[in-house]
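>>> generate a structure from the sequence data that follows.
(2 chains)
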Amino acid sequence: AQKITQTQPGMFVQEKEAVTLDCTYDTSDPSYGLFWYKQPSSGEMIFLIYQGSYDQQNATEGRYSLNFQKARKSANLVISASQLGDSAMYFCAMRAANAGGTSYGKLTFGQGTILTVHP
Amino acid sequence: DVKVTQSSRYLVKRTGEKVFLECVQDMDHENMFWYRQDPGLGLRLIYFSYDVKMKEKGDIPEGYSVSREKKERFSLILESASTNQTSMYLCASKVQGAGNTIYFGEGSWLTVV
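This next block holds a predicted model:
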């Protein structure tokens, strides 16, 4: 069974500073993918960044980077130069392959972290 | 612009009512999903479908059923709504096979009284 754990229910950061949101995972699948989504108060899920389990380099997308430490089973999200618009709920999620090698795109989510950016 | 549309953003239903949550995608995706989101629990998969008339249970299917008669539409059905089904419901879709992009709808807030 897969599991994603986000241990920080809430985080606060000053505008323009960097913040790290923690995510650890557990899976027995050798092939998996890790995602981060942002959910503003309006409810829609916004895809931020993806890391494949075989990717050699940490993923980056603009101000977002994923600190992938495979041996420690962690996939922390780093947001640089925080902006007021970054205030939202953030979810870490994992996709893993089924026994037949097809995942269909099912995701297992963590509990979420609410990020508040102060001016 | 790709789109996953959930027909109702906010619903209030009575205990015991039959509830339909509709989801339509315009991307010709094979795979569609229903999740529910609760505080402190994140999103949990209720059901998913990988083709028309094909469905599989997710992690929390009890009390729910689904219908996929057409490729673009995936319906979540609460046969007899209960107060513990008060939640936010999110629909998602993805093309079968390669690719990591999963598209989500805006969510449906259901309150059962």
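
>>> export the helix or strand hosting residue B:34 to PDB, keeping only CA atoms.
Here residue B:34 is covered by strand B:31-38, with elements defined by DSSP states H and E. What follows is strand B:31-38, C-alpha atoms only, in PDB (Å, rounded to 0.1, in the frame of the first residue of the first chain):
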ATOM      1  CA  ASN B  31      -9.600   7.800 -17.400                       C
ATOM      2  CA  MET B  32     -11.800   9.600 -15.000                       C
ATOM      3  CA  PHE B  33     -11.800   9.800 -11.200                       C
ATOM      4  CA  TRP B  34     -13.900  10.800  -8.300                       C
ATOM      5  CA  TYR B  35     -12.200  12.000  -5.000                       C
ATOM      6  CA  ARG B  36     -13.600  13.300  -1.800                       C
ATOM      7  CA  GLN B  37     -11.600  15.900   0.200                       C
ATOM      8  CA  ASP B  38     -11.900  16.200   4.000                       C
END
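
>>> may I see the buried residues of it?
B:31, B:32, B:33, B:34, B:35, B:36, B:37 (16 or more other CB atoms under 10 Å in any protein chain shown). Any C-beta I mention is one placed from the backbone N, CA and C, and that applies to glycine too.

>>> excluding its backbone neighbours, what's nearest residue 95?
With no chain named, the answer covers chain A. residue A:33 (4.5 Å; CB to CB, 6 or more residues apart in numbering or on different chains).

>>> was after chain B, sorry
Sequence neighbours aside, residue B:29 is the residue nearest to residue B:95 in space, at 5.1 Å (criterion: CB to CB, 6+ apart).

>>> isn't that neighbour up against residue B:91?
No. Checked against CB atoms under 8 Å, the pair residue B:29 and residue B:91 is beyond contact range at 11.1 Å.

>>> pLDDT value on the nearest residue to residue A:119 once chain neighbours are set aside, please?
In space, and not counting its chain neighbours, residue A:119 is closest to residue A:15: 5.2 Å by CB to CB, 6+ apart. Looking at residue A:15, its pLDDT reads 97.

>>> got a list of what residue A:15 touches?
Applying CB atoms under 8 Å, 6 or more residues apart in numbering or on different chains, we find residue A:15 in contact with A:82, A:83, A:84, A:117, A:118, A:119.

>>> ok, so of those residues, who is nearest chain B?
residue A:117 (20.6 Å; CB to the nearest CB).

>>> for that closest one, what are its contacts?
Residue A:117 is in contact with A:12, A:13, A:14, A:15, A:82, A:83, A:84, A:85, A:86, A:87, counting by CB under 8 Å, 6+ apart.

>>> okay, buried residues for the helix or strand harbouring the second one please.
Right, the one you point to is residue A:13. Following DSSP H and E, one finds residue A:13 within strand A:10-14. Buried residues in strand A:10-14, counted by 16+ other CB under 10 Å: A:11, A:13.
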